[in-house]
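# Can you look at this prediction? I've put the sequence above it.
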Amino acid sequence: MPIKPLIILPDPVLRLVSKPVERVDAPLLKLADDMFATMYDAPGIGLAAIQVGEPLRMLVIDLAKEGEDPAPQLFINPEIVESSDERSVYEEGCLSIPDYYAEVERPARVRVRHLDRDGKEREVEADGLLATCLQHEIDHLNGVLFIDHISKLKRDMVVKKFKKLAKDRPPARMVG
């Protein structure tokens, strides 16, 4: 399970809308396993396929705390089918925007329909950190970053900083 390079802001790849997965097969599951390896290496708690240059509607999450057994969750073609009016605020960060964190307000609870590793349709009701993480990663699949949920002034400052840093870094290349 090779570690894949992460796409970093301001790379325009992060703004692409990902395509639905047409079939769950061995190459797709290998990509999912590589995404888990990449996320654990980073380390992070969630990763969307677009963050490793694959514009597919797939994401991985593991909210296990340090010292707990891993609890990997794979979501293929996830979609939010219901969200609560109640809101919650979490400090979010992103592997594609390293070392930047901001408080983001989102629905406190969501219901997400997705395909599992076997290609079976599932639904999960999530609240707390899982709800936030699912919304954050599904945003990635739609070309939306968590900084799009903060003030324009703060967002512009972050983008400017990362554009400056990117001058020293070659652009990422799309895979597939």
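Great, that's in hand. Residues are numbered from 1 along each chain as shown.

# going on from the one helix or strand His140 maps to, what's the next piece of helix or strand?
Using DSSP states H and E, His140 maps to helix 128-141. Of the helices and strands lying after helix 128-141 in sequence (DSSP H and E), the nearest is helix 152-166.

# packing partners for that next one?
strand 97-107 (3 or more CB pairs under 8 Å, 6 or more residues apart in numbering; DSSP states H and E). Bear in mind the C-beta positions are built from the backbone N, C-alpha and C, glycine included.

# Within the sheet, what are the partner strands of the strand it packs on, with directions?
Sheet pairing for strand 97-107, assigned by DSSP bridges, gives strand 87-94 (antiparallel).

# about what we covered before: I'd like the average pLDDT over the helix holding His140.
Mean per-residue pLDDT for helix 128-141: 98.

# Just the CA trace of it, in PDB.
Taking Å, rounded to 0.1, in the frame of the first residue of the first chain, the C-alpha atoms of helix 128-141 are listed here in PDB:
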ATOM      1  CA  GLY A 128     -20.400  14.800  16.400                       C
ATOM      2  CA  LEU A 129     -17.000  14.400  14.800                       C
ATOM      3  CA  LEU A 130     -18.100  11.800  12.300                       C
ATOM      4  CA  ALA A 131     -20.800  14.200  11.000                       C
ATOM      5  CA  THR A 132     -18.300  17.000  10.600                       C
ATOM      6  CA  CYS A 133     -15.700  14.700   9.000                       C
ATOM      7  CA  LEU A 134     -18.200  13.300   6.500                       C
ATOM      8  CA  GLN A 135     -19.300  16.800   5.500                       C
ATOM      9  CA  HIS A 136     -15.700  18.000   5.200                       C
ATOM     10  CA  GLU A 137     -14.700  15.100   2.900                       C
ATOM     11  CA  ILE A 138     -17.900  15.200   0.800                       C
ATOM     12  CA  ASP A 139     -17.200  18.900   0.300                       C
ATOM     13  CA  HIS A 140     -13.900  17.900  -1.200                       C
ATOM     14  CA  LEU A 141     -15.700  15.700  -3.700                       C
END
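
# who touches it?
14, 17-18, 45-51, 57, 59, 61, 63, 75, 78-80, 83, 88, 90, 92, 94, 96, 104, 106-110, 112, 124, 126, 145-146, 148 (CB atoms under 8 Å, 6 or more residues apart in numbering).

# next one: stretch 10-30
With CB under 8 Å, 6+ apart as the criterion, stretch 10-30 contacts 7, 48-51, 53, 55-58, 76-77, 96, 115, 117-119, 140-143, 145, 159, 162-163, 166, 171-172, 174.

# Quick check: bridge partners of Cys94?
Going by DSSP bridges, Cys94 forms beta bridges with Ile97.
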